[in-house]
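Visitor: A structural model of the following input is requested.
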Amino acid sequence: MKEGRLPICGLYLDDFIFMDLVMSKTCEEESSYLVSESKRTKANEKSSDFFHLSKDEVNELFVWPWIGIVANVPVRWEKNRYVGESGWRIRDELTEKGFNPVRVRPLWNYKGHSGFALVEFDSEWRGFSDAIRFEKHYEKTGNGRKEYNVLHRRDSMCGLYGWVARKEDYHSNGVIGDNLRKMGDLKSINEMQEEEKRKTGKLVSNLISVIEYKSMQLKEVEIKCTEVNSSINKVLAEQTEMHIVFHEEMQKIQQHAYDKLVNIKKEHETSNLQLENQRKELMALEKQLEKREAKNEYERKKFYIEKQMNERATMQQKKADEEIFKLAEAHKVEKENLHMKIIELEKALDARQALALEIERLRGAGQVMKHMENNGDQETKDKLEEIQESLKEKEEELEGMELMNNALMVKQMKNNGELLEARQELITQLGKELSGRAHITVKRMGELDTKQFTLAVKRRFPGPDADLTAAILCSEWDNHLRDPNWFPFKIVQDKEILDVNDDKLMKLKNEVGDEAYEAVTTALIELNEYNGSGRYPVPELWNSKENRRATLKEGASFILKKWKVMKKA
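Guide: Numbering: from 1, shown residues only. Reported below is the predicted structural model:
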């Protein structure tokens, strides 16, 4: 089906090749342009009647492009020159009156604003119409060229004066003539109409030639299109017949191939079923053999590994028990020795204090005897010498006791260090051996109780993501506990107490609950007590039954009991 009829020649788009379409389009455009030019020519012929111009005015020379002159623009003397209104103000006033100026140029000379302005109108006939109405307006109000020439000589002008620029303005001397000669030429209405007629006639003759040439080409194209269409129709008929024959042959070939493929597929499926059954039987047999072999090998290796692990664990347990027993015995002996030394130190301290009191008493008596010596009594002098000699002996004895006391203090500090080392070793060994259900355990002081915290979070935020939420919050609050910049404590009467109004703690209590709050505050208090500077958990012997710090004696007793039970077993 043919589509797209051209508006000028009436042929279908299918009958044209690309260049033919271009030629047809050109023909259409030139025809439309010819019509518009003929209309414009008729309009120009009637233009003189439309503008109500006399014969003299039609032959009169105007400045083209059309320009109006505005005179007596108000000026004032300012800073050694004349200044006046800008061009856009005058243009806006003229636009409001309907004269449609394109531009208004104030004219300036060496003194400043000259009091004149040039009004530029559109160069087409509508611009001339605006210029004539501009001039008629000022003539009606008594502000035309004639009035300006008369009143200018009398120096009694009032308001703006306006007219269309003509020959006398163009050839005038001064700022108006200079600018008009730069901006345009002199043309009459008749000259412009004749010029346009010449252009239109030339264009019409050219277009007629083009149309005749295009018409000839169009006829040739029509003949070619007819020939091509007949050839195409013949080829299409042959092609249709070939397609029918080809389609019938292809159907026969496809049907034969399909039947053959169906037979091959059936045979293939039968063979596949047989092979699959055989493969399944072989795989089942292979799996049975592999299971038996793997089971035997696995049990043998498992038995061997368990035996080795048991032997190693037994040896390590024996070594650990022996070390713990030795440590406990040594600690017990050291503790007894330390207790005896403490008793000795207490006795020495009491003796030292008594000796110091005796020395002070003798010094006081010596001072009294010195005052009594002034009386000259020989017995008093002898008594004073005896007191001084006794005081000297007591001071020497006190000095010796202080030396011995310092030595004992050094030894006590050394023993305390050894006790701390023994306690730390006991913590290390118990941390390896003990379980959480034992009476005496090792607790990491300041560590967050994740079990209690997780349960509290799950109760507050139940759902499928409860574990993930608990893990995230647990990790977040563990980081808060280890942050040395966070110190939620306040000092009251020289004591550090927990600041219950801390923002983070209040937020935790409100969002997660009291149990999580208790877990975090417990860890905070333990951290502040056991490792306030480092802010990380430290291990400590712990009496889980009474929920307090276990003594070294309790730890050693627990190790001895455990060792005796294991020895009997």
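Visitor: wait, Ala165 sits on Trp64?
Guide: No - counting by CB atoms under 8 Å, Trp64 is not a contact partner of Ala165; they are 9.4 Å apart. C-beta: built from backbone N, CA, C; applies to glycine.
Visitor: more neighbours, the two?
Guide: Ala165 (26 against 19; other CB atoms under 10 Å).
Visitor: what is the neighbour count of Ser86?
Guide: Neighbour tally, Ser86, other CB under 10 Å: 13.
Visitor: ok, the one 10 residues further on next?
Guide: Neighbourhood size, Glu96 [other CB under 10 Å]: 8.
Visitor: what pLDDT does it get?
Guide: Here the pLDDT value assigned to Glu96 is 89.
Visitor: ok, now how distant is it from Leu203?
Guide: Applying CB to CB, to the nearest Å, the value for Glu96 to Leu203 is 39 Å.
Visitor: contacts only, for the closest residue to Ala71 other than its chain neighbours.
Guide: Distances taken as CB to CB, 6 or more residues apart in numbering place Tyr161 nearest to Ala71, at 4.3 Å, with adjacent residues excluded. By CB atoms under 8 Å, 6 or more residues apart in numbering, Tyr161 lies in contact with Val70, Ala71, Asn72, Tyr138, Asn143, Gly144, Arg145, Glu147, Tyr148.
Visitor: try Pro537
Guide: Pro537 touches Arg444, Met445, Gly446, Glu447, Glu526, Leu527, Asn531, counting by CB under 8 Å, 6+ apart.
Visitor: distance-wise, check Ile387 relative to Ala351.
Guide: From Ile387 to Ala351 the distance is 21 Å (CB to CB).
Visitor: between those two, tell me which one has more neighbours.
Guide: Ile387 (20 against 14).
Visitor: quick one, phi psi at that one?
Guide: phi -70, psi -40 (degrees, to the nearest 10).
Visitor: what's the spacing between it and Glu393?
Guide: Applying CB to CB to Ile387 and Glu393 gives a distance of 11 Å.
Visitor: equivalent analysis for Phe134, please.
Guide: From Phe134 to Glu393 the distance is 141 Å (CB to CB).
Visitor: show me what whichever helix or strand Ile176 is part of is packed against.
Guide: Here Ile176 sits within helix 175-183, counting by DSSP states H and E. Using 3 or more CB pairs under 8 Å, 6 or more residues apart in numbering; DSSP states H and E as the contact test, the elements touching helix 175-183 are strand 67-71, strand 103-109, strand 112-120, helix 167-170.
Visitor: now the element after that helix, going C-ward?
Guide: Helix 175-183 is succeeded, C-terminally, by strand 185-188 (DSSP H and E).
Visitor: tell me how far that next one lies from the chain's centre.
Guide: Between the centre of strand 185-188 and the centre of its chain there are 69 Å (CA atoms, centre = their mean, to the nearest Å).
Visitor: sec struct for Leu541, please.
Guide: Of the three states, Leu541 takes strand under DSSP: H, G, I helix; E, B strand; the rest coil.
Visitor: sorry, back to before: what comes up buried for the helix holding Ile176?
Guide: Val175, Ile176, Asn179, Leu180, Met183 (16 or more other CB atoms under 10 Å).
Visitor: residues touching the third one, list them.
Guide: This means Asn179. Per CB under 8 Å, 6+ apart, neighbours of Asn179: Arg105, Leu107, Leu118.
Visitor: likewise the last one?
Guide: Residues near Met183 by CB under 8 Å, 6+ apart: Val63, Pro65, Ile67, Leu118, Glu120.
Visitor: count the residues that sit near the last one.
Guide: So that's Glu120. Residues near Glu120, counting by other CB under 10 Å: 20.
Visitor: any idea what it is bridged to?
Guide: Ile67, Arg103 (DSSP bridges).
Visitor: for it, give its distance to Val83.
Guide: 22 Å.
Visitor: care to break this structure down by domain?
Guide: 66-183, 437-568 (automatic domain parsing).
Visitor: now the longest one: average pLDDT?
Guide: Across domain 437-568, pLDDT averages out at 80.
Visitor: and that domain, how far from the chain's centre?
Guide: Using CA atoms, centre = their mean, the offset of domain 437-568 from its chain centre is 38 Å.
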